[in-house]
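# Predicted model follows, preceded by the sequence.
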Amino acid sequence: MALGRAIVRKPKVFLFDEPLSNLDAKLRVSMRAEILDIHQRLNNTSIYVTHDQLEAMTMGTRIIIMKDGLVQQNGTPQEIYNNPVNKFVAGFIGSPAMNLIKCSIKADGDQLLAVSGEMKLVIPAKASKLLCSYVDQNVYLGLRPENVSDLKVESPEIDGLSFKAFVRLVEPLGSEQLIHVEFNSQHLVARIDPKVSIRYGETVSFGADMDAAIFFDIKTEERII
């Protein structure tokens, strides 16, 4: 009703302050679509404050992410999802959030490796140029869940692009499944095809799309660019 009273006054700007926070999950989804539809039909400016990154991603044409009163990043949802400027943004945007793996950068001949325990992933040449000064130092390796694939069925293990991990939890979601794994005391989530049979307690090989990897400085938590 509050929204209806605001609409009849024909304001130039709408300000929403977490309007869906007290609704159950199903109603939140339908109301999110309703508010977005109203916004598109009225074609006016709306400022929407939310702690729910799904609302921000699905409803915003631009997102401003703030922490402790300071702007961390300002951009379109896709820009922020693909190119987070720091570890906080990377961990906030995305459901599940980006995997952030603490690893060390090691030189192996002409290649650089991201090493964490038995995991040794080859860093592509483009990223290697950015990480030359980080050899023998720790960094955060960022990988989205969709950039981690299972190698259980058809794909072969590829040296330098795969690793083994212990399956802690399987979340079947119908169109996909989320596999929570552990290796070297670190937690990681993979988004994979629901047809693949993976069970709790297994040790499974996973592939990492290192072309999509992002690296963050361990001290400043800023993206290494």
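Structure received.
# in the protein, which residue is closest to the centre?
Of all residues in the chain, the one closest to the mean position by C-alpha atoms, centre = their mean is residue 98, 3.0 Å from it.
# Quick check: chain neighbours aside, which residue is closest to that residue?
In this structure, residue 98 finds its nearest non-sequential neighbour in residue 90, 4.4 Å apart by C-beta to C-beta, 6 or more residues apart in numbering. Using the backbone N, CA and C atoms, a C-beta is placed for each residue, glycine as well.
# Likewise for residue 19?
Once flanking residues are discounted, residue 19 sits nearest to residue 35: 7.3 Å by C-beta to C-beta, 6+ apart.
# same question for the top helix by length along the chain, mean pLDDT?
When the chain is parsed with DSSP state H, its longest helix is helix 25-42. For helix 25-42, mean pLDDT is 86.
# Next: stretch 134-146.
Rounded mean pLDDT across stretch 134-146 is 96.
# For the residue nearest to the centre of the chain, give its distance to residue 9.
Counting by C-beta to C-beta, to the nearest Å, the gap from residue 98 to residue 9 is 41 Å.
# thinking again about what came up before, how many neighbours does the residue nearest to residue 19 have?
The tally of other residues near residue 35 (other C-beta atoms under 10 Å) stands at 19.
# do residue 167 as well
Neighbours of residue 167 using other C-beta under 10 Å come to 18.
# same deal with residue 190?
26.
# My guess is it contacts residue 150. True?
Yes. Using C-beta atoms under 8 Å, residue 190 makes contact with residue 150 at a distance of 6.6 Å.
# intersection of neighbour lists for the two?
Residues touching both residue 190 and residue 150 (C-beta atoms under 8 Å, 6 or more residues apart in numbering) are 179, 206.
# which residues in the chain form strands?
13-17, 45-49, 63-67, 70-75, 99-108, 111-116, 119-123, 138-143, 148-150, 162-172, 177-183, 186-192, 203-208, 214-217 (DSSP state E).
# what about the longest one, average pLDDT?
Mean per-residue pLDDT for strand 162-172: 93.
# buried residues in that strand?
162-163, 165, 167, 170 (16 or more other C-beta atoms under 10 Å).
# same deal with the second one?
Neighbour-count burial for strand 45-49, with 16+ other C-beta under 10 Å as criterion, is recorded at 46, 48.
# got the CA coordinates for that strand in CSV?
Provided in CSV are the C-alpha atoms of strand 45-49 (Å, rounded to 0.1, in the frame of the first residue of the first chain):
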residue,chain,number,x,y,z
THR,A,45,14.7,6.5,-10.9
SER,A,46,14.6,4.0,-8.0
ILE,A,47,17.3,3.7,-5.3
TYR,A,48,17.0,0.4,-3.6
VAL,A,49,18.9,-0.4,-0.4
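# Can you pull out the low-pLDDT segments for this protein?
The chain contains residues with pLDDT under 70 at 1, 152-159.
# quick revisit: could you export the buried residues of strand 162-172 to CSV, including columns for distance to residue 23?
Compiled in CSV, the buried residues of strand 162-172 are given as follows (distance: C-beta to C-beta, whole Å):
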residue, distance to residue 23
162, 43
163, 41
165, 37
167, 34
170, 29
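# which one of those sits closest to residue 141?
Residue 141 lies nearest to residue 163 out of these, by C-beta to C-beta, at 11.3 Å.
# Quick check: that closest one touching residue 115?
No. Applying C-beta under 8 Å as the test, residue 163 and residue 115 come out as separate, 10.4 Å apart.
# okay, and the common contacts of these two?
With contacts taken as C-beta under 8 Å, 6+ apart, residue 163 and residue 115 have residue 121 as neighbours in common.
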